[in-house]
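**Q** Let me see the structure of the following:
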Amino acid sequence: MIIKTLIVGPLEENTYIVGDEDTRDAIIIDPGDEPERIMDAIREDALKVDAIICTHAHFDHIGAIGDVKKGTGTRVLIHGDDLDIFRRAREHAMFWGFEIDDLPEPDGLLRDGDLIRVGGLEFRVIHTPGHSPGSISIYGEGVVFTGDTIFRDSVGRTDLPGGSLDMLKESFRRLLQLPEDTRVLSGHGPETTIGRERVENFFVHEL
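**A** Predicted coordinates:
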């Protein structure tokens with residue numbers, strides 16, 4: 001399995017490119033900024049991108065979608081509960097002093113339990129609301145991409161529109177049920193594991 005991590009934009013968001021080494025099929029998770037770097041990384045390994053998947057629709061995670069979609073000709077998938085946030089992302093970005101040039105409508109909506117196949121790899125969508133209503137995590141092949149639900153030692157904020165502390169607690173509990181050696185690749189910051197977060201994450205004491 002190929003996993004490329006690109007730290008992009010002023011908010012240092014983690015964009016992930018995940019591919020099958022044999023078939024060269026790939027997905028892009030959360031193309032937040034710097035579309036040229038993302039496209040260069042795809043071309044570097046001659047990957048065929050099947051989908052752009054958004055763990056949630058906050059502007060720092062979707063800002064490069066327009067250019068990357070044009071460059072790859074692929075589809076954009078998000079959870080339906082984040083559609084309103086997605087459609088208002090340009091407005092939210094402007095409020096925080098950022099700009100999104102082009103934001104095409106999603107091509108499809110994801111639901112809890114949906115399977116995402118990338119060549120011979122398989123991932124499952126886990127609906128993990130709290131940071132936003134439609135936040136998802138993408139789990140499979142010993143890895144979970146958590147967006148802004150879980151970080152190393154921390155969790156995502158809930159004070160933005162659509163956030164819910166109670167939902168975040170439930171999502172946190174759900175993710176901690178994954179095998180302890182599962183790699184956690186989040187929307188910001190360094191990698192961790194489920195086992196480590198069961199012990200070290202401050203939010204354990206909030207449950």
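
**Q** Ala57 versus the nearest residue to Met39 once chain neighbours are set aside, what's the distance?
**A** Distances taken as CB to CB, 6 or more residues apart in numbering put Gly71 closest to Met39, at 4.8 Å, once the chain neighbours are dropped. Glycine gets a C-beta too; all of them are placed from N, C-alpha and C. Gly71 sits 20 Å away from Ala57, going by CB to CB, to the nearest Å.

**Q** Kindly report the same for Val184.
**A** Counting by CB to CB - Val184 and Ala57 are separated by 21 Å.

**Q** can you check Thr74 too?
**A** Relative to Ala57, and taking CB to CB, Thr74 is found at 17 Å.

**Q** Among these two, which residue is more densely surrounded?
**A** Ala57 (27 against 18; other CB atoms under 10 Å).

**Q** give me phi/psi at the more buried one?
**A** When read as degrees, to the nearest 10, the backbone of Ala57 gives phi -110, psi 20.

**Q** contacting residues around it?
**A** Ile78, Asp82, Leu83, Ile85, Phe86, Ala89, Ser132, Gly134 (CB atoms under 8 Å, 6 or more residues apart in numbering).

**Q** now with 7 Å?
**A** By CB atoms under 7 Å, 6 or more residues apart in numbering, the residues touching Ala57 are Ile78, Asp82, Ile85, Phe86, Ala89, Ser132, Gly134.

**Q** swap in Phe203?
**A** Phe203 neighbours (CB under 7 Å, 6+ apart): Val155, Phe172.

**Q** distance between the ends of stretch 190-207?
**A** End-to-end distance for stretch 190-207, by CA to CA, to the nearest Å: 23 Å.

**Q** Could I get the full set of strands for the chain?
**A** 2-8, 13-19, 25-29, 48-53, 75-79, 108-110, 115-118, 121-127, 136-140, 143-147, 150-151, 154-155, 183-186, 192-193 (DSSP state E).

**Q** Report the buried residues of the helix or strand bottoming out on mean pLDDT in the chain.
**A** Lowest on mean pLDDT, DSSP states H and E among the helices and strands of the chain sits helix 89-95, with a mean of 85. Using 16 or more other CB atoms under 10 Å as the test for burial, helix 89-95 gives Ala89, Arg90, His92, Ala93.

**Q** do the same with stretch 45-64
**A** Result for stretch 45-64 [16+ other CB under 10 Å]: buried residues 47, 49-64.

**Q** Just the C-alpha atoms of that stretch, please, in CSV.
**A** Extracted in CSV, the C-alpha atoms of stretch 45-64 (Å, rounded to 0.1, in the frame of the first residue of the first chain):
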residue,chain,number,x,y,z
ASP,A,45,4.0,7.4,-8.8
ALA,A,46,1.8,7.2,-12.0
LEU,A,47,-1.3,6.8,-9.9
LYS,A,48,-4.9,6.6,-11.3
VAL,A,49,-7.1,8.5,-9.0
ASP,A,50,-10.6,6.9,-8.6
ALA,A,51,-12.0,9.4,-6.0
ILE,A,52,-11.5,12.4,-3.9
ILE,A,53,-12.9,11.7,-0.4
CYS,A,54,-13.6,14.3,2.2
THR,A,55,-13.5,13.4,5.9
HIS,A,56,-15.5,16.5,6.4
ALA,A,57,-16.3,19.8,4.6
HIS,A,58,-14.3,22.5,6.4
PHE,A,59,-12.5,24.8,4.0
ASP,A,60,-9.0,23.8,5.0
HIS,A,61,-9.8,20.2,4.0
ILE,A,62,-11.4,20.9,0.6
GLY,A,63,-9.8,24.0,-0.7
ALA,A,64,-7.9,22.3,-3.6
